[in-house]
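# Make a model of this:
(one chain, ligands or ions: 1)
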Amino acid sequence: MAQRYLIVGAGAAGIAAAESIRSLDPSGDILVVGQDPHGYYSRPGLAYYLTGELPERLLFPFTKKDFDRLLLRRLHARIVALRPQAHEVTLDDGHSLPYDRLLLATGSLAAMPPTPGVDLEGVVKLDDLADARRILERCRRRPAAVVVGGGITALEIVEGLRACHVRTHYLLRGERYWGNVLDETESRIVERRLQHEGIFLHYHTELAEIVGRQGRVAGILTQDGRRVDCELVAVAIGVRPRLELAGDAGLATERGILVNEYLQASAPDIYAAGDVAQVFDPFSGKSVLDTLWGVAVAQGRAAGRNMAGQATPYHKSVPFNVTRLAGLTTTIVGTVGQGRDKDLIGIARGDSETWRQLPDALVAQTAFDVNRLRLLVAESNLLGAVVMGDQTLSLPLYRLIAHQADITPIRERLLQPSARLGDLIAGFWSDWREHHATP
Ligand SMILES: Cc1cc2nc3c(=O)[nH]c(=O)nc-3n(C[C@H](O)[C@H](O)[C@H](O)COP(=O)(O)OP(=O)(O)OC[C@H]3O[C@@H](n4cnc5c(N)ncnc54)[C@H](O)[C@@H]3O)c2cc1C
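Modelled structure (predicted):
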């Protein structure tokens, strides 16, 4: 009899898993159940959709033909309960669905603060396409806006609002932007660019209350008693993996669903992948969350292979993200920071817990205008890098870090105060890659 594969979540991890299963099991019955009415689209692309750089139709990586090719059944519904013993889930309309193998790829949702007024009309977040449309719709009225939070999403919202010519205030609880991933120079580069774009930055400023008038946002009050009038408040203080199904079913969870190296959860025939999975990280020796598109795809693929019976351990690679911070292309790879960011409750979108687990390392850095390169240098290898502006070295650095390349020949020179880091890395890379086949 054909295997029944049930995938909960039609996002990056869910669809990658379906592709992987189909490549190994041509006759299996694959059902993908997704709650989002818009189906499968690029969530990182939402930032570019907000700024008007990407039309909505280009957010969708798959055509109908692509789905047809995979011979999937797709269902727009929400799963409300999971019964691992019975190998069954329940849909929101009360129907039950059986499975032989189940993947939980339910992603994560924006966390909202317990601030008074957070339920008022005009308070927005950026999780999905519906949120992005809502923000654009509101921007048409040219409101004044306040953004709270940190990491990449807060900036993406700020950039989107600026592109719509919205007068925007960005509140930072601490003294600088994304302080546990960026160093002070990098934070200041981003902040200066925001100010140059006309964004009002408020340091050491905490949201105390969102004030309403007739059910709508009319302004905010800060902890130190100031008021900022606005009609829109955007919140990006971090995300929470969607653990409800797993938790209620008694699966082992911490910050995410705990999985083993085969991405199996704690009950038989159940797997987890993507934002919702908490996965062992050989670099830090801890079990961590990533909220990165590429990681979700890689985990989805691996989970799919395992579900289809081809036991394949998932090897977490170093987290890597190429993003834009205040219009400046920035690559973050490996471990680059430490501690907590006052603007975030935990993990944000496009983020990795691994980035913030920096052991002892020396810093080599160079900066020219907005082009900046920071390297985290261990005894014999590189642990991480932040590349801002010129991206020539971002992929080579990713490979050198991921392969733990022995940098002993250039280590001392890298750590010289006036080292030409770019030239040293470029030269080392060109020698290294001649002797190493890299994927
Ligand atoms: C605005 C934004 C910017 C981002 N920027 C970056 C970036 O710069 N770089 C980067 O690498 N990553 C970025 N990300 C993160 C990246 O998009 C995610 O890591 C990735 O989408 C995770 O994939 P996933 O499949 O785990 O979850 P998702 O893509 O969130 O998909 C999960 C799906 O499961 C569905 N679902 C949940 N519960 C149920 C249920 N009970 N029943 C049915 N369906 C359910 C949801 O509706 C959703 O469609 C960004 C994300 C956002 C939103």
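
# so what's the residue of the stretch 51-200 of the chain found nearest the ligand closest to, chain neighbours aside?
Per C-beta to the nearest ligand atom, Gly107 is where the stretch 51-200 of the chain lies closest to the ligand, at 2.4 Å. C-beta: built from backbone N, CA, C; applies to glycine. With sequence-adjacent residues excluded and distances taken as C-beta to C-beta, 6 or more residues apart in numbering, Gly107 is closest to Asp275, at 4.6 Å.

# Assess the claim that Val148 and Leu232 are in contact.
No - between Val148 and Leu232 there is no contact under C-beta atoms under 8 Å: 11.7 Å.

# interface residues of the stretch 51-200 of the chain facing the ligand?
By the rule C-beta under 6 Å from any ligand atom, the part of the stretch 51-200 of the chain lying against the ligand is 78-79, 105-107, 126-127, 152-153, 156.

# hmm, which of those residues are the buried ones?
79, 105-107, 126-127, 152-153, 156 (16 or more other C-beta atoms under 10 Å).

# on that earlier part again, restricted to strands, list the residues of the stretch 51-200 of the chain next to the ligand.
Counted as lying in strands by DSSP state E, out of those, are Ile79.

# okay if I get the residues of the stretch 51-200 of the chain next to the ligand as TSV plus pLDDT?
TSV is the format used below for those (pLDDT from 0 to 100):
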residue	pLDDT
Arg78	98
Ile79	98
Ala105	98
Thr106	98
Gly107	98
Leu126	97
Asp127	96
Ile152	94
Thr153	95
Glu156	96
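
# can you tell me which of the residues of the stretch 51-200 of the chain next to the ligand lies nearest to Val387?
Compare each of these with Val387 using C-beta to C-beta and the shortest gap goes to Ile152, at 15.3 Å.

# And Asp183, how far from Ala348?
18 Å (C-beta to C-beta, to the nearest Å).

# Looking at the two now, which is surrounded by more residues?
Shown here are Asp183 and Ala348; by other C-beta atoms under 10 Å, Ala348 has more neighbours (26 against 17).

# sorry, back to before: next up, phi/psi of the residue nearest to Gly107, please.
Phi and psi for Asp275, reported as degrees, to the nearest 10, are phi -50, psi -30.

# do the same with the one 10 residues further on
Note on Gly285: backbone dihedrals following degrees, to the nearest 10 are phi 70, psi 10.

# what do you get for Val322?
Taking degrees, to the nearest 10 as the convention, Val322 sits at phi -100, psi 120.

# wait, is Val211 part of a helix?
No - with DSSP: H, G, I helix; E, B strand; the rest coil as the criterion, Val211 is strand rather than part of a helix.

# which residue packs closest to it, ignoring adjacent ones?
Gly219 (4.6 Å).

# Pull the contacting residues for the one you found.
Contacts for Gly219 (C-beta atoms under 8 Å, 6 or more residues apart in numbering) come out as 210-211, 227-230.

# Of the residues you listed, which are in range of the ligand?
Near the ligand, judged by C-beta under 6 Å from any ligand atom, there are no entries from the contacts of Gly219.

# Pull up the residues of the stretch 201-350 of the chain that are close to the ligand.
Neighbours of the ligand within the stretch 201-350 of the chain, by C-beta under 6 Å from any ligand atom: 242, 245, 274-276, 291-294, 296, 321, 323, 349-350.

# Just the buried residues of the residues you listed.
Buried, going by 16+ other C-beta under 10 Å: 242, 245, 274-276, 291-293, 296, 321, 323, 349-350, out of those.

# which stretches of the protein have low pLDDT?
Scanning the chain for pLDDT under 70 picks out the ranges 359, 437-439.

# next one: stretch 219-239 to chain centre, how far?
24 Å (C-alpha atoms, centre = their mean, to the nearest Å).

# For that stretch, measure first residue to last.
24 Å (C-alpha to C-alpha, to the nearest Å).

# List the buried residues of it.
Within stretch 219-239, the residues scored as buried using 16+ other C-beta under 10 Å are 219-222, 228, 230-239.

# just to revisit the earlier point, can you list the residues of the stretch 201-350 of the chain next to the ligand in JSON lines and add distance to Phe428 and secondary structure?
JSON lines is the format used below for those (distance: C-beta to C-beta, whole Å; DSSP: H, G, I helix; E, B strand; the rest coil):
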{"residue": "Arg242", "distance to Phe428": "43", "secondary structure": "coil"}
{"residue": "Leu245", "distance to Phe428": "47", "secondary structure": "helix"}
{"residue": "Gly274", "distance to Phe428": "35", "secondary structure": "helix"}
{"residue": "Asp275", "distance to Phe428": "35", "secondary structure": "helix"}
{"residue": "Val276", "distance to Phe428": "38", "secondary structure": "helix"}
{"residue": "Thr291", "distance to Phe428": "31", "secondary structure": "coil"}
{"residue": "Leu292", "distance to Phe428": "27", "secondary structure": "coil"}
{"residue": "Trp293", "distance to Phe428": "29", "secondary structure": "helix"}
{"residue": "Gly294", "distance to Phe428": "25", "secondary structure": "helix"}
{"residue": "Ala296", "distance to Phe428": "32", "secondary structure": "helix"}
{"residue": "Asn321", "distance to Phe428": "23", "secondary structure": "strand"}
{"residue": "Thr323", "distance to Phe428": "25", "secondary structure": "strand"}
{"residue": "Arg349", "distance to Phe428": "33", "secondary structure": "coil"}
{"residue": "Gly350", "distance to Phe428": "29", "secondary structure": "coil"}
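
# Most widely separated two among those?
Leu245 and Thr323 (29.8 Å).

# so what's Thr51 up against?
Thr51 is in contact with 159-160, 163, counting by C-beta under 8 Å, 6+ apart.

# Now for the residue in the stretch 301-439 of the chain positioned nearest to the ligand: which residues touch it?
At 3.0 Å from the ligand, Gly350 is the closest residue in the stretch 301-439 of the chain, using C-beta to the nearest ligand atom. By C-beta under 8 Å, 6+ apart, the contact list for Gly350 reads 44, 151-153, 291-293, 321, 323.

# list the contacts for Val89?
Neighbouring residues of Val89 by C-beta under 8 Å, 6+ apart: 6, 8, 33, 79, 81-83, 96-97, 99, 102, 245.

# Next, count neighbours for Ile270.
So Ile270, with other C-beta under 10 Å, has 25 neighbours.

# Identify the residue spatially nearest to it, adjacent ones excluded.
Leu102 (4.9 Å).

# okay, now the one you found: neighbour count?
Close neighbours of Leu102, defined as other C-beta under 10 Å, add up to 27.

# and it, what element?
Taking DSSP states H and E as the criterion, Leu102 maps to strand 101-104.

# Out of the buried residues of stretch 219-239, name the ones that lie in strands.
Those of the buried residues of stretch 219-239 lying in strands (DSSP E): 219-222, 228, 232-236, 239.

# For the residue nearest the centre of the chain, which non-adjacent residue is closest in space?
Within the chain, the residue whose C-alpha comes closest to the C-alpha centroid is Gly350; the distance, by C-alpha atoms, centre = their mean, is 2.3 Å. Nearest in space to Gly350, with sequence neighbours left out and distances taken as C-beta to C-beta, 6+ apart, is Ile152 at 4.3 Å.
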